[in-house]
Each structure stands twice: as C-alpha cells, then as structure tokens.
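Undergrad: Would you be able to build a 3D model of this:
(2 chains)
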Amino acid sequence: RKEVEQDPGPFNVPEGATVAFNCTYSNSASQSFFWYRQDCRKEPKLLMSVYSSGNEDGRFTAQLNRASQYISLLIRDSKLSDSATYLCGGGGSARQLTFGSGTQLTVLP
Amino acid sequence: GAVVSQHPSWVICKSGTSVKIECRSLDFQATTMFWYRQFPKQSLMLMATSNEGSKATYEQGVEKDKFLINHASLTLSTLTVTSAHPEDSSFYICSAKLGHEVRGYTFGSGTRLTVV
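TA: Predicted coordinates:
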C-alpha cells in the first residue's frame, strides 16, 4: 500500500464550481501535512499547510482528520488559473515529504 | 522567503556521459536535502536523502553508484547522474525542509534531464 494515496482524478470542472480532493495516509507517525500545487514542467509550490483544526486561505480550505488519516482540500469558486496538479504530502519532524500521485485539475471556461 | 537555487534548469546530454545537478540554499542552512525524480504524469518519487557531512540515504531501487550525492556544506548538495542513459531522462528536483513544520518544504526549480 502506498504511504500516501490520492484521488486519481483528473477533475474537469466549470469555472465557479467547488471541487474537493482527498488524500489518505498510512503512516500514523506523520506529523506534518501539506498541499502543493504543481504547474506543468514546474516545481511544486506550497499551497497550504494542513492542521487538525482546519485552515482556510481565501477560496481554499484544508482539513486534516487524524483519526481517519486523511487530508482534504476544498476549492471554492474555481478559476481558470486554478488548473494545475495538486499534490498532498506528509512527513515527520525529520522525515522526507512523501507525496501522493497528484490530482490534475482543469477548470473549464 | 527561503529559496533553494537549482542548476541547471535543463540539460541535454549524450548517453554515457555524467551530469551534475546543484542545489544551493540561499538564505538558510539546509542540513538535509531531499532528491526527487518525476517522470511525466507521475508523482515525485524520493530518490535519496542527503545529509551534510555524511553519506546519503538511498531509497530502495535507487543505485547509489549511479546517482552520486554530495552534501559537503550546509548550503550545497549535488546529484551526479553517472553514465546517463535515455531511461534516466526525467525531472530531477531537490527539496529542503525548513525549520518550522508549518513552513513545509521548499523546492528547487527542478532540472529537466534529457539523455539522447
């Protein structure tokens, strides 16, 4: 079983739609979780850190459920510029970040 | 913010030659650097963990003699792909963990290697 499993995607949604991605993780020792955005042929860029209490940044909301070992990302009022691949990642205090396989999002006009 | 500078951004080399990729942390000390590889439409796969002043730790299936890692200082880690072959063509990217958990990890801009 992969350490981090992610929604397979791809997601094609109309502009203005709300879309949600989920990841599950198997290593209960993982302490830190993040959502990254990766544009084609570019490096991943941190989108949000994920906390148990949930965190929101504009149209983006991230949640962590430690009991069920999953993290989620909700994008509201999606824009064309949100089209990218979204990677979830988890790691411990000294561990490398392990990524999910990524979910490709295409927002259509 | 913390920046990792990675060079070169792309390289084309002949089969059998070696290619060195550098990652420098510009405004912080990176005691640990992670090296990933990403094939088209696939996720980032960890190749090795580079620790300053000690030997790198390689993931299962990654040949340490083929992918040489050197982390001689707190600001520089290098990955050398030796005797490169077309199947080594990929996107190589380094990452360093920042001091505070909430800041996550910062990535170099990646190196697109094409072996012909």
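
Undergrad: which residues touch stretch A:46-62?
TA: A:32-37, A:63-66, A:71-79, A:86, B:101-106 (C-beta atoms under 8 Å, 6 or more residues apart in numbering or on different chains). (Glycine included, C-beta is placed from N, CA and C.)

Undergrad: Now, those residues that are in helices?
TA: Secondary structure defined by DSSP state H assigns none of these to helices.

Undergrad: Please pick the buried ones from the residues you listed.
TA: Buried subset of the contacts of stretch A:46-62 (neighbour count, 16 or more other C-beta atoms under 10 Å in any protein chain shown): A:32-37, A:63-64, A:71-75, A:78, A:86, B:104-106.

Undergrad: Quick check: neighbours of the helix or strand of chain A with the lowest mean pLDDT in the sheet, parallel or antiparallel?
TA: Within chain A, no helix or strand scores below strand A:98-99, which has a mean of 84 by mean pLDDT, DSSP states H and E. In its sheet, strand A:98-99 lies beside strand A:84-91 (antiparallel), with partners assigned from DSSP bridges.

Undergrad: Where does pLDDT dip in the chain?
TA: Because you didn't say which chain, this covers chain A. Residue ranges of chain A with pLDDT under 70: A:1-2, A:92-95.

Undergrad: right idea, wrong chain: chain B
TA: B:1, B:98-104.

Undergrad: List, one by one, the residues from it near chain A.
TA: B:32, B:34, B:42-44, B:46, B:49, B:91, B:93, B:95, B:97, B:101-110, B:112 (C-beta under 8 Å from any C-beta of the partner chain).

Undergrad: Please indicate which of those residues are buried?
TA: Applying 16+ other C-beta under 10 Å to the residues of chain B next to chain A, the neighbour count classes B:32, B:34, B:43-44, B:46, B:49, B:91, B:93, B:95, B:97, B:104-108, B:110, B:112 as buried.

Undergrad: Restricted to strands, list those.
TA: Mapping these onto strands (DSSP state E) picks out B:32, B:34, B:46, B:49, B:91, B:93, B:95, B:97, B:105, B:106, B:107, B:112.

Undergrad: How about the first one, nearest residue that isn't a chain neighbour?
TA: Residue nearest to residue B:32 in three dimensions, not counting chain neighbours: residue B:51, with 5.6 Å by C-beta to C-beta, 6 or more residues apart in numbering or on different chains.

Undergrad: Burial check on the closest residue to residue A:14 other than its chain neighbours, number of neighbours?
TA: Closest residue to residue A:14 apart from its sequence neighbours, by C-beta to C-beta, 6+ apart: residue A:108 at 5.4 Å. Neighbourhood size, residue A:108 [other C-beta atoms under 10 Å in any protein chain shown]: 11.

Undergrad: can you tell me which residues contact residue A:108?
TA: Residue A:108 neighbours (C-beta under 8 Å, 6+ apart): A:12, A:13, A:14, A:15.

Undergrad: Write the ChimeraX selection for whichever of these are buried.
TA: Buried subset of the contacts of residue A:108, written as a ChimeraX selection, criterion 16+ other C-beta under 10 Å:
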select /A:13
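
Undergrad: and which of the contacts of residue A:108 is nearest to residue B:15?
TA: residue A:12 (38.7 Å; C-beta to C-beta).

Undergrad: Mind checking what secondary structure the closest one has?
TA: Secondary structure, DSSP: H, G, I helix; E, B strand; the rest coil: residue A:12 is strand.
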